[in-house]
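J.: I would like the atomic coordinates for the input below:
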Amino acid sequence: MGSGHTLIDRVQCLQMAADATRLELPILAVNYKKASDSMTKGTNQLRMYLTASVKFLQAVGITDVPVYGVQTDGPIVVLPAAVLRDDSFIYLFERLVETLDISTPLGAWHYATILCRLAQNHAEVLEKRFEEVRERLINSLLNQGIQGWTIGNQKATLKAEESKVNTPEDKHTWR
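T.: Predicted structure coming up:
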C-alpha cells in the first residue's frame, strides 16, 4: 500500500469479498480505568484481551504478529504487547514498557504518535500477513462452513474430541 492510502482503505482491503462481512483483525486492545490505588484488575483484564487477540489471529492463521495494549490508570498509560510465536506460546511484554502521562502535553503527543505509528506501520504488517493466509482461510471456511465458528459448533467439536480421548484404543477388557 502506498503512503497515500488511509486506514479505511486498508481495512477495506482486508475484506474477504466485496459483499462479505468485514473480518476485523486486532492491532490494539484497550482497557481504560479511572485512577485507582491498584492497577492489578486492569492488568489482568488487559492480559485476557491480549491473549484472546493473539489466539484469534492464530485461528485465522497468523502467528508472530504482536497485538499491542493500552492500559490506563487515570492519566497514566502503559503500553504492553503480546505475541503468539510458532511454538504456540504466548509472550506478554509488560516489564520495562513505555509509560506515559497523558495529562502533560508531551505525554499526550507521545501517546498520539504511538497510536498513529501502530495504525500506519503495524496495520501494514498485519495486512501482508493476512494476505499470506487469506486463501487458506477462505477455503477452510467454505469447507467447514461459517457455522464452524459458532459457539454451538465449538461445543460439539470439543465434546467429540473429548470422547475420542476417553475412548480406549484397545477394546479388550482388563481384569
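
J.: surely residue 26 meets residue 57?
T.: Yes. At 6.8 Å, residue 26 counts as touching residue 57 under the criterion of CB atoms under 8 Å. Just so you know, the C-beta spots here come from the backbone N, C-alpha and C atoms, and that holds for glycine as well.

J.: list the residues that contact both of the two?
T.: residue 67 (CB atoms under 8 Å, 6 or more residues apart in numbering).

J.: neighbour count winner among the two?
T.: It is residue 57, of residue 26 and residue 57, that has more neighbours when counted by other CB atoms under 10 Å, with 23 against 17.

J.: secondary structure class for residue 97?
T.: Following DSSP: H, G, I helix; E, B strand; the rest coil, we place residue 97 in the coil state.

J.: if I read this right, it contacts residue 81, doesn't it?
T.: Yes. Judged on CB under 8 Å, residue 97 makes contact with residue 81 at a distance of 7.3 Å.

J.: the most centrally placed residue in the chain sits in which helix or strand?
T.: Nearest to the mean C-alpha position of the chain, by CA atoms, centre = their mean, lies residue 53 at 2.2 Å. Assessed by DSSP states H and E, residue 53 sits inside helix 40-60.

J.: equivalent analysis for residue 132, please.
T.: Going by DSSP H and E, residue 132 is in helix 123-144.

J.: now the angle from that helix to helix 40-60?
T.: Counting by axes from the mean of the first three to the mean of the last three CA atoms, to 10 degrees, helix 123-144 lies at 60 degrees to helix 40-60.

J.: quick check: mean pLDDT across the helix or strand following helix 123-144?
T.: As assigned by DSSP H and E, the chain's next helix or strand after helix 123-144 is helix 151-166. When pLDDT is averaged along helix 151-166, the result is 78.

J.: dump helix 151-166 to CSV, restricted to CA.
T.: Extracted C-alpha coordinates of helix 151-166, given in CSV (Å, rounded to 0.1, in the frame of the first residue of the first chain):
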residue,chain,number,x,y,z
ILE,A,151,-20.3,-21.5,20.0
GLY,A,152,-22.7,-24.4,19.3
ASN,A,153,-20.3,-25.9,16.8
GLN,A,154,-17.3,-25.4,19.0
LYS,A,155,-19.0,-27.2,21.9
ALA,A,156,-19.9,-30.1,19.6
THR,A,157,-16.3,-30.3,18.3
LEU,A,158,-14.9,-30.1,21.9
LYS,A,159,-17.3,-32.9,23.0
ALA,A,160,-16.3,-35.1,20.0
GLU,A,161,-12.6,-34.5,20.8
GLU,A,162,-13.1,-35.4,24.5
SER,A,163,-15.0,-38.6,23.6
LYS,A,164,-12.2,-39.5,21.2
VAL,A,165,-9.6,-39.1,24.0
ASN,A,166,-11.7,-41.0,26.5
